[in-house]
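**Q** Please work out how this folds:
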Amino acid sequence: MKEQEPIPGIRVNKMPNRISTILASEDADTAATKTIEINDNTPISRITLRFKGTNNGSTPTAHPAKMVTKIELVDGSDVLYSLSGIEAQALNFQETGELPFNVCEYENDIECCATYNLSFGRYLWDPELALNPSSFKNLQLKISHDKALGGSAPNAGTMAVFGYLFDDPQPAPSGFLMSKELKAYSLTASAHEYTDLPTDYPYRILMPMSYESTYAFNTQFEGLSWYANNKAKVFLDNVSGAELAKILPHLDKVEEDFAGLGTGSAVSYYQASTYEGYGVAVGRSAAQTAMICAQPSGPRIQITNDASESFTCHENGYMPFGSVNLCMHDLQDIKSWFDPTKYGSVMTDIEAGSGASGTIYQVLQQLRGQ
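**A** Below is the predicted model:
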């Protein structure tokens, strides 16, 4: 049988593999940082974190992805991965073209759920790129969480962690994908923010993002520029967020479902997409009589539904968690990835929109040798 061609996210591999429980499901009721030692020396293709919260009400707080505030993988002072929950999910979308598993339930006493994939290869079971723990001295996974920050004010939570490991015979990966938040700053409307980017390892994904509850992607980014050697080489020349959302060839549509309980008046519900989002909602009860599903402004849809009547909504849009990948190359072709070592300096210039507000993050995924 011919081997399946690589596709984003997963691939049939000739080597035997296994899923290992790194952390069995445990209570995460109190906001804290959990540190987990990585003791298995088997090469790791992916680590998946699952976090669930039990809603304590039917008034939405935020998207469930916000229940995890930071995920880090470190070897002493060497940081191999460092992203917030929403950054991790935004990066997952840029990697595969779809969000990881989420349950966006906003009803009382029902669990909401979010998952986060730490991908070390171009796709699951990539034999060329994977994390080899034996190359490091003291790998630790650190997870900071606060269940109350997502869903509908959860009063209980649990989390678990799983590793996708290669079994014998093990591959000899030449490197792995390193993902980090480079910068987070409070924007000033209409102002420029200049950022010096690292020139050490090749870039696979360069991802600015801004996820604010009432602001669309195009509102936050008036202009994005990316250049090297003081503009001797320009890769992106002051293109607005509104235009980028329309013209970039590697964008996929964000699709998500959420559910809640009506109050008789308009209630805001949160989703990942932040640009040109639309929803179709239906009642989950025979007693349903009226419903209005408004087009969102940014990452939220307002639903007006009968009081105490349950509903579900299918929503789609673009720019997950207000993110975009500026790298315009084949994500599977290592040779095509941007090589910053050819330049003396590499920079981005981000101009905020005149009506922008909140925080802008810059995330970078690089190819690093073992």
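**Q** Could you check how far residue 358 is from residue 221?
**A** Separation of residue 358 from residue 221 (C-beta to C-beta, to the nearest Å): 12 Å. Every C-beta, even on glycine, is put in place using the N, C-alpha and C of the backbone.
**Q** same check, this time on residue 292
**A** Computed as C-beta to C-beta, the residue 292 to residue 221 distance reads 30 Å.
**Q** Can you name the element that comes right after the lengthiest helix in the chain?
**A** The longest helix of the chain (DSSP state H) is helix 85-96. Downstream of helix 85-96, the first helix or strand assigned by DSSP states H and E is strand 102-105.
**Q** Any stretches of the stretch 101-250 of the chain with poor pLDDT?
**A** For the stretch 101-250 of the chain, residues meeting the criterion pLDDT under 70 lie at 249-250.
**Q** How about the most centrally placed residue in the chain: what's its closest non-neighbour residue?
**A** Centroid-nearest residue in the chain: residue 89, 1.8 Å away (criterion: C-alpha atoms, centre = their mean). Excluding its sequence neighbours, the residue lying closest to residue 89 (C-beta to C-beta, 6 or more residues apart in numbering) is residue 65, at 4.8 Å.
**Q** I'd like the distance between that neighbour and residue 104.
**A** From residue 65 to residue 104 the distance is 9 Å (C-beta to C-beta).
**Q** The two - which one has more neighbours?
**A** Neighbours were counted for residue 65 and for residue 104 using other C-beta atoms under 10 Å; residue 65 has more, 32 against 25.
**Q** Check whether the more buried one really touches residue 321, as I assumed.
**A** Yes - Residue 65 lies in contact with residue 321 (C-beta atoms under 8 Å); the separation is 7.5 Å.
**Q** Please identify every residue contacting each of the two.
**A** 86, 89, 272 (C-beta atoms under 8 Å, 6 or more residues apart in numbering).
**Q** what's the closest of those to residue 234?
**A** residue 86 (29.6 Å; C-beta to C-beta).
**Q** State the number of residues packed around residue 319.
**A** Residues near residue 319, counting by other C-beta under 10 Å: 31.
**Q** So it: helix, strand or coil?
**A** What DSSP: H, G, I helix; E, B strand; the rest coil gives for residue 319 is strand.
**Q** Now do the same contact list for it.
**A** By C-beta under 8 Å, 6+ apart, residue 319 lies in contact with 217, 241, 245, 251, 254, 273-275.
**Q** so residue 200 sits right up against residue 340, yeah?
**A** Yes - Residue 200 lies in contact with residue 340 (C-beta under 8 Å); the separation is 7.3 Å.
**Q** more crowded one of the two?
**A** Neighbours were counted for residue 200 and for residue 340 using other C-beta under 10 Å; residue 340 has more, 18 against 10.
**Q** In the stretch 151-300 of the chain, mark out all the strands, start to finish.
**A** With strands called from DSSP state E, counting those that start in this stretch, the stretch 151-300 of the chain shows them at 156-166, 175-186, 192-197, 203-209, 221-228, 233-239, 254-261, 266-270, 273-283, 291-293, 300-305.
**Q** now swap in the stretch 1-150 of the chain and tell me
**A** Applying DSSP E, counting those that start in this stretch to the stretch 1-150 of the chain gives strands spanning 17-27, 32-37, 44-54, 68-75, 78-83, 102-105, 111-119, 139-145.
**Q** now for those, which one comes closest to residue 170?
**A** strand 17-27 (10.0 Å).
**Q** residue contacts, the residue nearest to residue 89?
**A** Residues in contact with residue 65, defined by C-beta under 8 Å, 6+ apart, are 85-86, 88-89, 102, 114, 116, 150, 272, 321.
**Q** what are the bridge partners for residue 313, then?
**A** Per DSSP bridges, the residues bridged to residue 313 are residue 258, residue 281.
**Q** Please report how far it lies from residue 64.
**A** 15 Å.
**Q** Which of those two has more residues huddled nearby?
**A** For residue 313 versus residue 64, the count of surrounding residues by other C-beta under 10 Å is larger for residue 64: 32 against 21.
**Q** one step back: please convert the shared contacts of residue 65 and residue 321 to JSON lines, extending it with distance to residue 297.
**A** As requested, those are arranged in JSON lines below (distance: C-beta to C-beta, whole Å):
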{"residue": "86", "distance to residue 297": "18"}
{"residue": "89", "distance to residue 297": "21"}
{"residue": "272", "distance to residue 297": "15"}
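**Q** Just the closest of the residues you listed to residue 231, please.
**A** When the shared contacts of residue 65 and residue 321 are compared against residue 231 (criterion: C-beta to C-beta), the nearest one is residue 86, at 31.6 Å.
**Q** thought that closest one was touching residue 320?
**A** No - here residue 86 does not reach residue 320: they are 9.1 Å apart, not a contact under C-beta under 8 Å.
**Q** okay, the two: which has more neighbours?
**A** Neighbour count, other C-beta under 10 Å: between residue 86 and residue 320, residue 320 has more, with 31 against 26.
**Q** The more buried one bridge partners, please.
**A** Assessed by DSSP bridges, residue 320 has beta-bridge partners residue 273.
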